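A.B. asks: Okay, structure incoming, though there's no sequence with it:
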Ligand code: PGA
């Protein structure tokens with residue numbers, strides 16, 4: 001099955017830097033079979049939607065609010081994203097949970113609003129180091145899913161991708177063992193299947209994915225792709241990871 005490769009630029013790149021990135025990416029681009037989603041900062045989205053013509057490559061946002069419009073200074077609505085050519089939004093990323101105190105309930109409201117506006121959601125879950133040390137990662141993850149998806153109908157699940165991102169592996173350069181990532185992705189799939197009777201959910205792994213470890217991760221049967229932070233900021237490295245996914 002073709003893998004899904006998602007770039008999360010986080011708070012990186014000015015529009016000028018994005019312009020350079022796109023030129024480089026286009027010079028390396030091939031006839032990709034994989035699904036590719038690039039999630040740049042809001043200020044660079046317009047450039048991506050205008051300059052990338054390949055329909056296989058979709059644009060995503062890294063966050064949104066749950067209201068359509070109104071007096072919410074500094075926020076961006078799912079409606080605004082959808083009308084700007086954006087098709088996906090990352091919600092529940094651990095950096096939003098940690099630095100912006102986003103709760104499972106708030107994330108659930110955002111997911112519902114994003115889906116109602118026709119966006120697909122990349123919903124991130126994952127345990128932190130302390131929770132892994134206590135060996136409670138399974139409960140942490142199923143609790144995150146249960147709380148944030150409690151008001152979601154089965155029919156909406158086709159528009160939700162789950163990204164398993166152990167917080168302790170993000171930005172560290174050291175990914176989780178592939179077999180452990182596979183086990184966690186399977187746990188998520190089984191949980192969704194058991195609770196919603198839906199077996200098609202795609203589960204990505206995220207946390208220090210790079211060209212050096214991508215093959216071993218992508219070979220795992222329950223890992224449907226990757227959510228890539230740091231390594232996606234280098235167009236050459238990002239294309240290299242896509243190439244690895246295509247050759248599995
Ligand atoms: P990383 O980030 O690839 O830099 O570890 C992944 C993420 O936070 O989505």
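C.D. replies: Yep, that arrived. Computed from a predicted model, the values in this text were never measured in an experiment. Residues are numbered from 1 along each chain as shown.
A.B. asks: going forward, measure contacts between C-alpha atoms and count neighbours the same way
C.D. replies: Noted.
A.B. asks: Show me which residues of this protein are close to the ligand?
C.D. replies: 8, 170, 171, 206, 207, 208, 209, 227, 228, 229, 230 (Cα under 6 Å from any ligand atom).
A.B. asks: Which members of those residues occur in strands, if any?
C.D. replies: Within these, residues falling in strands by DSSP state E are 8, 206, 227, 228.
A.B. asks: so where do the strands sit in the chain?
C.D. replies: 4-8, 35-39, 57-61, 88-91, 120-125, 160-164, 203-206, 225-228.
A.B. asks: Let me have the ones in strands among the residues of the chain next to the ligand in CSV, extended by neighbour count, distance to residue 17 and pLDDT.
C.D. replies: Output for those, formatted as CSV (neighbours: other Cα atoms under 10 Å; distance: Cα to Cα, whole Å; pLDDT from 0 to 100):
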residue, neighbour count, distance to residue 17, pLDDT
8, 24, 15, 98
206, 27, 24, 98
227, 27, 21, 98
228, 26, 18, 98
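A.B. asks: and the residues you listed as CSV, adding distance to residue 62?
C.D. replies: Output for these, formatted as CSV (distance: Cα to Cα, whole Å):
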residue, distance to residue 62
8, 7
206, 14
227, 12
228, 12
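A.B. asks: ok, which pair from those residues is furthest apart?
C.D. replies: 8 and 206 (9.9 Å; Cα to Cα).
A.B. asks: Next, show the common contact partners of these two.
C.D. replies: Common neighbours of residue 8 and residue 206 (criterion: Cα atoms under 8 Å, 6 or more residues apart in numbering): 227, 228.
A.B. asks: which residues sit in contact with the residue most central in space within the chain?
C.D. replies: In the chain, the centroid-proximal residue (Cα atoms, centre = their mean) is residue 122; its distance is 4.5 Å. Going by Cα under 8 Å, 6+ apart, residue 122 touches 88, 89, 90, 91, 160, 161, 162, 163.
A.B. asks: Near the fifth one, how many other residues are there?
C.D. replies: Applying other Cα atoms under 10 Å, we find 20 residues neighbouring residue 160.
A.B. asks: Residue 229 and residue 10 touch, don't they?
C.D. replies: Yes: counting by Cα atoms under 8 Å, residue 229 touches residue 10, with 7.0 Å between them.
A.B. asks: Return the member of the ones in strands among the residues of the chain next to the ligand nearest to residue 133.
C.D. replies: Nearest member of these to residue 133, counting by Cα to Cα, is residue 206, at 19.2 Å.
A.B. asks: my read: that closest one touches residue 165, true?
C.D. replies: Yes: counting by Cα under 8 Å, residue 206 touches residue 165, with 4.6 Å between them.
A.B. asks: what would the contacts of residue 122 look like in TSV with distance to residue 72 and pLDDT?
C.D. replies: Formatted as TSV, the contacts of residue 122 follow (distance: Cα to Cα, whole Å; pLDDT from 0 to 100):
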residue	distance to residue 72	pLDDT
88	21	98
89	19	98
90	20	98
91	18	98
160	26	98
161	27	98
162	28	98
163	28	98
